[in-house]
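Visitor: Just to be clear, the model below is a prediction. Sequence and coordinates:
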Amino acid sequence: MHDPMASRGGHTTVLPPGGMAQLVAAKDWAKTPLGAPETWSASLKLTVELILACGFPMAIRWGPEMIMIYNDAYAPILGDKHPRVLGAPLREVWPEIYDKLGPLNESILRGEREGFFARDHLWRIFRRADTWEDARFTISYSPIPDDTAPGRIGGILATAVETTDRVDTEQRLRQLSERLEQEVAQRTRERDRIWQVSEDLLGVCNFEGYFLRVRPKTSSRITELSQHEADGGEFQECKRAAVEIFPVLGEAPAAVEPGDRAFDDPTLG
């Protein structure tokens, strides 16, 4: 068993518990471009220890070939590629997006850019039985200082939190909201058309039976009714019909009786 954390700074370091800590300790790193763990720089050893103890999905991409070392939280992001890609070059881990991911990481490794951060970044990847996925991540790529490396940057620390489910849910909610708005607008247009063209006595009443809105034609008809006729039945029938046809859009600011000139408000109808 090879333990890359066996000695650092003159003392023995105990790896944190977890499947990836065991895999990292057991891997024969001498067969990888990183070489045997005893040859690793202090910066690499410290960063490996850091990510293995962290609960956020994190990975190290080290050296010119950007060899991958990652923690338990990052493993689900890899899907079926885990654990095969532990110690593999980045181009073999994500070949489907390397045309964009590779140059981005190389520019950080060369010191040409300070880092990279993006929210809900879209990567089209495959990780399960060669099935393509449009996955989104909030990602941060940061240079890892190393005095022994060219340009004093030894590798890249990648933190990636998958946001695919949240983004998809928000998109569905937006679509439902837009559909609802369209349906409400259509119903409103239909109601307004009936309001404008109907020859019937139409109005909107509250639950107490008082008119909140009436059509101009309706208001002129009601003002022709005598108080006796209104109390007798035709007006009461009109009120009942209005309540059945239109929803109540709020309480009336005051009781409106037949003959009230507020019925002739030109903004109504």
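Guide: Looks like it arrived, so ask away.
Visitor: all helices of the stretch 101-250 of the chain, in order?
Guide: Listed in chain order, the helices of the stretch 101-250 of the chain (DSSP state H, counting those that start in this stretch) span 164-197, 216-224, 227-232, 234-245.
Visitor: Mean pLDDT lowest where, among these?
Guide: Lowest mean pLDDT of these: helix 227-232, a mean of 45.
Visitor: Check the gap between Met58 and Thr159 for me.
Guide: 5 Å (Cβ to Cβ, to the nearest Å). In short, each C-beta sits where N, CA and C put it, glycine included.
Visitor: the more surrounded of the two?
Guide: Neighbour count, other Cβ atoms under 10 Å: between Met58 and Thr159, Met58 has more, with 22 against 19.
Visitor: what about the residue nearest to that one when sequence neighbours are not counted, distance to Ala21?
Guide: Excluding its sequence neighbours, the residue lying closest to Met58 (Cβ to Cβ, 6 or more residues apart in numbering) is Ile51, at 4.2 Å. Distance of Ile51 to Ala21, given as Cβ to Cβ: 10 Å.
Visitor: ok, now Pro37?
Guide: According to Cβ to Cβ, Pro37 and Ala21 sit 13 Å apart.
Visitor: again with Asp168
Guide: Distance from Asp168 to Ala21, by Cβ to Cβ: 33 Å.
Visitor: Those two: which is more packed in?
Guide: Comparing Asp168 with Ala21 by neighbour count (other Cβ under 10 Å), the higher total belongs to Ala21, at 20 against 12.
Visitor: Buried residues, the helix or strand hosting the more buried one. List them.
Guide: If you go by DSSP states H and E, Ala21 is part of helix 19-26. Buried residues in helix 19-26, counted by 16 or more other Cβ atoms under 10 Å: Met20, Ala21, Leu23, Val24, Ala25.
Visitor: avg pLDDT for the helix or strand following that helix?
Guide: Downstream of helix 19-26, the first helix or strand assigned by DSSP H and E is helix 42-52. The pLDDT scores in helix 42-52 average 97.
Visitor: For Glu112, see how far away Lys31 is.
Guide: 31 Å.
Visitor: swap that for Leu78, sorry
Guide: Taking Cβ to Cβ, one finds Leu78 at 27 Å from Glu112.
Visitor: again, but for Asp99
Guide: Counting by Cβ to Cβ - Asp99 and Glu112 are separated by 18 Å.
Visitor: do Arg179 as well
Guide: Arg179 is 46 Å from Glu112, by Cβ to Cβ.
Visitor: Got the domain ranges for this structure?
Guide: 19-162, 165-192, 198-264 (automatic domain parsing).
Visitor: weakest of those by average pLDDT?
Guide: domain 198-264 (a mean of 53).
Visitor: Return the list of helices and strands in contact with the helix holding Ala21.
Guide: On a contact count with 3 or more Cβ pairs under 8 Å, 6 or more residues apart in numbering; DSSP states H and E, helix 19-26 meets helix 42-52.
Visitor: now the helix it packs on and helix 19-26, what's the angle there?
Guide: Using axes from the mean of the first three to the mean of the last three Cα atoms, to 10 degrees, the direction of helix 42-52 lies 150 degrees away from that of helix 19-26.
Visitor: Restricting the selection to alpha carbons, write helix 42-52 to CSV.
Guide: Included here for helix 42-52 are C-alpha records, laid out as CSV according to Å, rounded to 0.1, in the frame of the first residue of the first chain:
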residue,chain,number,x,y,z
ALA,A,42,4.7,19.6,0.0
SER,A,43,2.0,21.7,-1.8
LEU,A,44,0.5,18.7,-3.5
LYS,A,45,0.5,16.6,-0.4
LEU,A,46,-1.2,19.4,1.6
THR,A,47,-3.8,20.0,-1.1
VAL,A,48,-4.6,16.2,-1.4
GLU,A,49,-5.1,16.1,2.4
LEU,A,50,-7.3,19.2,2.2
ILE,A,51,-9.7,17.9,-0.4
LEU,A,52,-10.0,14.5,1.1
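Visitor: Quick check: next helix or strand after it?
Guide: strand 58-62.
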